[in-house]
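**Q** below are the sequence and a predicted model for it; my questions follow.
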Amino acid sequence: MPLVEINFDGIVGPSHNYAGLSLGNLASTRNAFQVSHPRAAALEGIEKMRANLALGLNQGIFLPHPRPDRAWLAELGTSIEDADSALAANAMSASAMWAANAATVSPAPDTSDGKCHLTVANLRTMPHRSHEWPWTLAHLRLAFANGAFAVHVPVPGVFGDEGAANHMRLATSHDQPGVELFVYGRTGGGFPARQHVEASKAIARFHRLDPERTLFVEQSPETIAAGAFHNDVVAVANGPVLFAHEKAFADRDQVIGRCGELLPGFELVEVSDGEVPLTDAITSYLFNAQLVSPPDGEMTLILPSEARETPTVWNWIERHLAGNGPIRRVEVVDVRQSMANGGGPACLRLRVVADPGTIDPRFLVDEEKLDRIAELVARCWPAEIHNDTLKQPGLIREIEAARAALLDLLQLSELA
Ligand code: SUG
């Protein structure tokens, strides 16, 4: 079986809530303490996966992590019963749903040992995300146990790493050697720069990448200050195409020049600030789209519905489709519950280029498996969560039972 791209989506967990935990992520701050709808959120995510399957794409899943994270609270000398409300919110976050932050992935054609390398992200900048990695590692060690993969532990927490959200790959096609771009931020602005260049460099070494085909690119401080807390809020790549806002990178000309030199057939689809101001790009998540190559060959952009509701963005899309640019089709998906925490279609997925036959089939889905997961979600996920009830024993029991039922359904007791 040839190497294909598989999108692994994080199933939205039963504790999904709005706690305003991510400074610099404007949606998270804006929606702090709103009532969340975990059941609707998970069903939205499942519908997005169905849309991917309908395009003929391969689809995988990652599971919600145990919440509250009792082990993490114990490491802090407390428990969910005794923790104050701020710490309890950090232990209850369903943030592992944003699988783009799970790991950085370098497909086999790019690595000197011919393995697909994955490094789990340490996510150390935000306390509520800093305790995801042990469970992410457990997932990846199961899903990618085959010798075709090498799974690495996170780089030391002194250097922040947020995974694939700050990493892009350009290649003539998925199974050809690519050019990998690691995008980092410089500290010093009003909002945290969550990706450190030393973390990116360490990952490139562990992944045995060709230094000649690996670029370390600074994200423009202006975009971080405007609320683009990850590169994937202002740029996305697929095959030989880089789709980016003109302000995405600190040194735009150098990045574009190097990509052109390194990749024959490189195509830039750039959106100017005059066409779509940075603020519109960030609120609509135009670039936090999944840019994919379905088997019919029509490169497709999977956008959140907020993009259709933003006039500058939708006008740009209509103009692009009417012209002869590389993006030939647009699919609109409703992931509003995730968007309200700053997570668009691209945040919800981790891309892995691999032979599906080498992956533990429990982590792969088809329509029928999604039907069964959706039925369980509709039955077991809380309908809504008011942020001031996060410590209620009844809610916690419901959340823990929901996850246990999902592990049972998917026969993944190793993750209990
Ligand atoms: O890390 N939001 C996530 C959103 C992650 C989006 N991922 C990508 N861009 N790839 C974050 O900021 C909000 C949680 C809260 O406030 O309750 C949150 O964690």
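**A** The structure has been received and is ready for your questions.

**Q** what's the neighbour count on the residue of the stretch 151-300 of the chain found nearest the ligand?
**A** Nearest residue of the stretch 151-300 of the chain to the ligand (CB to the nearest ligand atom) works out as residue 165 at 3.4 Å. All C-beta atoms are positioned from the backbone trio N, CA, C, and that covers glycine. When neighbours are defined as other CB atoms under 10 Å, residue 165 has 26 of them.

**Q** pLDDT value on it, please?
**A** Reported pLDDT at residue 165 in the predicted model: 98.

**Q** what do you get for residue 1?
**A** Value listed for residue 1 in the pLDDT field: 68.

**Q** and this structure, which of its residues are near the ligand?
**A** Within the chain, the positions near the ligand by CB under 6 Å from any ligand atom are 18-22, 25, 28, 93, 95, 98, 100-101, 126, 129, 165, 229-230, 232-233, 341-343, 347.

**Q** residue 231 is in contact with residue 183, correct?
**A** Yes: using CB atoms under 8 Å, residue 183 is in contact with residue 231, at 3.8 Å.

**Q** overlap in contacts, those two.
**A** 166-168, 195, 219 (CB atoms under 8 Å, 6 or more residues apart in numbering).

**Q** please type out the PyMOL selection for whichever of those turn out to be buried.
**A** In PyMOL syntax, the buried subset of the shared contacts of residue 183 and residue 231 is picked out as below (16 or more other CB atoms under 10 Å):
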select buried, resi 166+167+168+195+219
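
**Q** out of the shared contacts of residue 183 and residue 231, list just those in strands.
**A** Secondary structure from DSSP state E places 167-168 of these in strands.

**Q** first-to-last residue distance for stretch 10-20?
**A** 20 Å (CA to CA, to the nearest Å).

**Q** identify each buried residue in it, please.
**A** 10-20.

**Q** next up, the contacts around the closest residue to residue 232 other than its chain neighbours.
**A** Once flanking residues are discounted, residue 232 sits nearest to residue 165: 4.5 Å by CB to CB, 6 or more residues apart in numbering. Residues near residue 165 by CB under 8 Å, 6+ apart: 98, 100-101, 230-232, 347.

**Q** make it 7 Å
**A** 100-101, 230-232, 347 (CB atoms under 7 Å, 6 or more residues apart in numbering).

**Q** and those residues, which of them are in helices?
**A** Among those, no member falls in helices (criterion: DSSP state H).

**Q** residue 80 reaches residue 88, doesn't it?
**A** Yes: between residue 80 and residue 88 there is a contact at 6.1 Å, judged by CB atoms under 7 Å.

**Q** what's the burial count for the residue in the stretch 301-416 of the chain that the ligand sits nearest to?
**A** Residue of the stretch 301-416 of the chain nearest the ligand, by CB to the nearest ligand atom: residue 347 (3.3 Å). Using other CB under 10 Å, residue 347 has 27 other residues around it.

**Q** and what of residue 200?
**A** When neighbours are counted by other CB under 10 Å, residue 200 registers 24.

**Q** could you do residue 378 as well?
**A** 14.

**Q** tell me the contacts of the residue lying closest to it once chain neighbours are set aside?
**A** Closest residue in space to residue 378, ignoring its immediate chain neighbours: residue 39 at 6.6 Å, by CB to CB, 6+ apart. Shown in contact with residue 39 (CB under 7 Å, 6+ apart): 377-378, 381-383.

**Q** contacts only, for the residue nearest to the residue of the stretch 301-416 of the chain closest to the ligand when sequence neighbours are not counted.
**A** Leaving aside its chain neighbours, residue 347 sits nearest to residue 98 (4.3 Å; criterion: CB to CB, 6+ apart). By CB under 7 Å, 6+ apart, the residues touching residue 98 are 10, 343, 347-348.

**Q** phi first, then psi, for residue 98.
**A** Phi and psi for residue 98, reported as degrees, to the nearest 10, are phi -90, psi 80.

**Q** for this structure, give me the ranges with low pLDDT.
**A** Residues of the chain meeting the criterion pLDDT under 70: 1.

**Q** surely residue 276 and residue 313 touch.
**A** Yes: the criterion here is CB under 7 Å, and residue 276 meets it with residue 313 at 5.6 Å.

**Q** three-state assignment of residue 64?
**A** Secondary structure assignment for residue 64 (DSSP: H, G, I helix; E, B strand; the rest coil): coil.

**Q** distance of it from residue 263?
**A** 37 Å (CB to CB, to the nearest Å).

**Q** of those two, who's got more company?
**A** Ranked by neighbour count (other CB under 10 Å), residue 64 and residue 263 place residue 64 first, with 25 against 20.

**Q** can you pull the contacts of the more buried one?
**A** Residue 64 neighbours (CB under 7 Å, 6+ apart): 11, 13-14, 94, 96-97, 403.

**Q** go again with 8 Å.
**A** By CB under 8 Å, 6+ apart, the contact list for residue 64 reads 10-15, 94, 96-97, 403, 406.

**Q** which one of those sits closest to residue 308?
**A** Taking CB to CB as the measure, residue 308 lies nearest residue 12 of those, at 21.7 Å.

**Q** wait, the closest one sits on residue 42?
**A** Yes: Residue 12 lies in contact with residue 42 (CB under 8 Å); the separation is 4.1 Å.

**Q** give me the number of neighbouring residues for the residue nearest to residue 15 when sequence neighbours are not counted.
**A** The shortest distance from residue 15 to any non-neighbouring residue, by CB to CB, 6+ apart, is to residue 67 (4.1 Å). The local packing of residue 67 (other CB under 10 Å) involves 24 other residues.

**Q** secondary structure class for residue 67?
**A** coil.

**Q** does it touch residue 12 like I think?
**A** No: with contacts counted by CB under 8 Å, residue 67 stays clear of residue 12, the gap being 11.7 Å.

**Q** joint contacts of those two?
**A** Looking at what touches both residue 67 and residue 12 (by CB under 8 Å, 6+ apart), the common residues are residue 94.

**Q** what's near enough to touch residue 89?
**A** 17, 19, 21, 128, 387, 390.

**Q** which SSE is the fourth one in?
**A** Read that as residue 128. helix 127-130 (DSSP states H and E).

**Q** what residues sit buried inside the next helix or strand after that helix?
**A** Per DSSP H and E, the first helix or strand lying C-terminal to helix 127-130 is helix 133-143. For helix 133-143, the neighbour count (16+ other CB under 10 Å) marks 133, 135-137, 139-140, 142-143 as buried.
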